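Asks: sequence below, structure please.
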Amino acid sequence: MIAETTALRVLILEDVSADAGLMLEELRRHAFEPAWERVDTEEDYLARLGAGWDVILADYTLPAFDALRALALMQDRGLDIPFIIVTGTLSDEAAVLCLKSGASDYLRKDRLARLGPAVERALAERRAAQESRRQQEILRDTTQKLQALVQASPVAIIILGNDGLVSLWNPAAERLFGWTEQEVLGTPLPTIPPEGRAEFAELRRRMLAGQALTGVEVRRQRKDGAPVTVSVSQGLIRNASGEVIGAIGMITDLTEPRRMEAQLRQSQKMEAVGQLAGGIAHDFNNLLTVITGRAELALHKVGEDGPAGRDLTLIRQTAERAAAMTRQLLAFSRRQTLAPRVVDPNQVVQGLLPMLRRLIGEDMELIPALDPGVGRMRADVTQIEQLILNLVVNARDAMPQGGPITLETANVELGAAFALDNPGAPSGPHVMLAVRDRGMGMDGETQDRIFEPFFTTKGPGQGTGLGLATVYGIVRQHEGWIKVESAPGRGTTMRVYLRRVEEGGEPAGPPAAGSAAPRGSETILLVEDDETVRQTAQEMLEMSGYRVIETSDTADARRLAAQHRGPIHLLLTDVIMPGMSGPALAAQVASLRPGIRVLYMSGYTGDALGQRGMVEPDMAFLQKPFTPEALARKVRETLDDAPAAGGSR
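Replies: From the prediction side, this is the model:
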């Protein structure tokens, strides 16, 4: 069996060729296959030094050259080649000097049997040294990357030893807590508030017991004493024996996530309250339809003079105030019907100034700060006037001793920073309407609730708690945003943001002159599941001259439409009823009586029903509660319009 050989590139520094031959023979005997060159001068040595040798074998002394000089020349060029000195005679002192100078080994020529093992050992040592340097380079590179990661990390990173002293404090920790690295290194952790010492001691106990932690929520304090809620994840640092010698903590500031979560919960709560408010307003509108309608019908019979007339007038006026409250509830729940147009916000504010000054009284100053270059916005003017009025009243009530109220308009651009601070806010060009007072201000808890219906900080009888709820609903229905800036003793600023448009303003036309309620003699099929509303509407219609066929049931309505011998000119139906919706009923009735007109009524607004897919914009619609005159006008208008397919006007 032929032994495997190892290729070996050898540079031999030797002036006696026979000695070089003996070295080569010894290498072959140890299974090396040398590719070699021999040199004996410094000039030749330097010329061949960079040729990629595996090993250099050098005689200690040459006629004009020596091994130590050759070794130094190799080292000066940064080469890492095993350098073995092979010499005839060498003192112990010279041998030690060679090894100290960096030679891999030395041996005498009369003991060349050691050459093979010496070369093997030198090559192995070089491989080990190269691997060690490679590992050190990897470690150095990894350490630099980790240091860069720690320095650039947005998460605060702190290392504590078993003694509880800080050994690492990155820039994020400095930003979060306020202490610099120089202030805390080698000191106990300064972020523990007095009330958190027991909890921190428990965390240290777990650390020393070898227990890692993930996402523990704790309270800490900043350098200025301000509290901060953080999430702590703790990893253990062990030595080569596996013993815990410290812990690395990764700390995340929860202030912003908690604030955003609170905003989301508040938004969800307001949405839920809005749905509840809208439902209450719907049911309340049914009741008010009966109260208002019955009062009007009775007044037609007895007149407004006399005790009964005065009582009925008071009932009607009270019902109208209640109807105004339901409109505010509907505004909060974003279920009001809007009539938007492009308007100049400065014109809206200026048109309100005389009334606002009368409203706030002489002990207060109303200061308009209107940007003459403010853009236009598309909005329902009546709703925006209501919004400004409510905000000014709120500012007035916040300053019982009087003071200035500032009304401001401006163009603003809502960008990424605003959206980050106000999750869910729109972006782009907006008009800002702001109302600022110097009143008592509000704490954070109050600010969280000011837009809730019926929430008020005023005393009994001093407010309904619907003013700011109405503002909130108007803003959201206009797809805008409202921001509150306030603090106890520092006043309040309410900023409303509505999208800016480039169109010109549309002047409001004069209101139509009033006229007597129209009458008619047509036949109307009335479908309403609420008996009191149905009876009241029937009497209103009959008082205006119409013939009424009424029912509370959609199936019965289909039967009446099919079996009635005379014409039916109009279907007056509630939108939401048991069993079948008003539009579905209208479609079936229209198939039985082509050309019939349809008028829908509901305690919900047309916008709210449209969002639910219940009615279309071109359908005739009457909002509850309604008066006999309003019903008569809408019925006449619907009858006189050309019919549309499917029962719409």
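Asks: the most centrally placed residue in the chain: what secondary structure?
Replies: Note on the chain: the residue nearest the mean C-alpha position is Pro423, at 4.5 Å, using CA atoms, centre = their mean. Under the three-state scheme (DSSP: H, G, I helix; E, B strand; the rest coil), Pro423 adopts coil.
Asks: now do it against Arg499, distance only.
Replies: Taking CB to CB, to the nearest Å as the measure, Pro423 falls 18 Å from Arg499. Heads up, the C-betas are built off the backbone N, CA and C, glycines and all.
Asks: check contacts around Val533.
Replies: Contacts for Val533 (CB atoms under 8 Å, 6 or more residues apart in numbering) come out as 286, 289-290, 574, 624.
Asks: in what helix or strand does it lie?
Replies: helix 531-543 (DSSP states H and E).
Asks: that helix: which residues count as buried?
Replies: 533-541, 543 (16 or more other CB atoms under 10 Å).
Asks: swap in stretch 418-428?
Replies: Applying 16+ other CB under 10 Å to stretch 418-428 flags 418, 422, 425 as buried.
Asks: sort these by pLDDT and name the bottom one.
Replies: Minimum pLDDT across the buried residues of stretch 418-428 is recorded for Asn422, with 79.
Asks: these two touch, right, the residue nearest to the centre of the chain and Met260?
Replies: Yes. Under the criterion of CB atoms under 8 Å, Pro423 makes contact with Met260 at 5.4 Å.
Asks: give me the subset of the contacts of Val533 lying in helices.
Replies: Among the contacts of Val533, the ones falling in helices (DSSP state H) are 286, 289-290.
Asks: who wins for neighbours among those?
Replies: Thr289 (27 neighbours; other CB atoms under 10 Å).
Asks: tell me how this protein divides into domains.
Replies: For the chain, automatic domain parsing gives the domain ranges 6-129, 153-253, 259-332, 341-501, 523-647.
Asks: TSV please, covering those domains and showing distance to Glu137.
Replies: Output for those, formatted as TSV (distance: least, CB to CB, whole Å):
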stretch	distance to Glu137
domain 6-129	13
domain 153-253	21
domain 259-332	45
domain 341-501	42
domain 523-647	66
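Asks: now do the strands in the stretch 451-600 of the chain.
Replies: For the stretch 451-600 of the chain, applying DSSP state E, counting those that start in this stretch gives strands covering 481-486, 492-501, 523-527, 547-551, 570-574, 597-602.
Asks: JSON lines for those strands, including mean neighbour count, distance to Ala31 and mean pLDDT?
Replies: Shown next, in JSON lines, are the strands of the stretch 451-600 of the chain (neighbours: other CB atoms under 10 Å; distance: least, CB to CB, whole Å; pLDDT from 0 to 100):
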{"stretch": "strand 481-486", "mean neighbour count": "18", "distance to Ala31": "84", "mean pLDDT": "91"}
{"stretch": "strand 492-501", "mean neighbour count": "20", "distance to Ala31": "86", "mean pLDDT": "93"}
{"stretch": "strand 523-527", "mean neighbour count": "23", "distance to Ala31": "109", "mean pLDDT": "95"}
{"stretch": "strand 547-551", "mean neighbour count": "17", "distance to Ala31": "113", "mean pLDDT": "94"}
{"stretch": "strand 570-574", "mean neighbour count": "26", "distance to Ala31": "105", "mean pLDDT": "94"}
{"stretch": "strand 597-602", "mean neighbour count": "25", "distance to Ala31": "102", "mean pLDDT": "92"}
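Asks: which one of the ones you listed lies nearest to Asn390?
Replies: Closest to Asn390 of those, according to CB to CB: strand 492-501, at 9.6 Å.
Asks: let me know the distance separating the residue nearest to the centre of the chain from Gly373.
Replies: Pro423 is 30 Å from Gly373, where distance means CB to CB.
Asks: so what's Arg219 up against?
Replies: 193, 195-196, 227-230.
Asks: show me which pair in the contacts of Val533 is furthest apart.
Replies: Farthest pair in the contacts of Val533, by CB to CB: Val290 and Asp574, 13.5 Å.
Asks: pLDDT weak spots in the chain?
Replies: Low-confidence segments of the chain, defined by pLDDT under 70: 1-3, 262-282, 321, 324-339, 420, 454-465, 503-516, 605-613, 642-649.
Asks: now Arg499: how far from Arg378?
Replies: 7 Å.
Asks: ignoring the adjacent residues along the chain, who's closest to Val216?
Replies: Val232 (4.9 Å; CB to CB, 6 or more residues apart in numbering).
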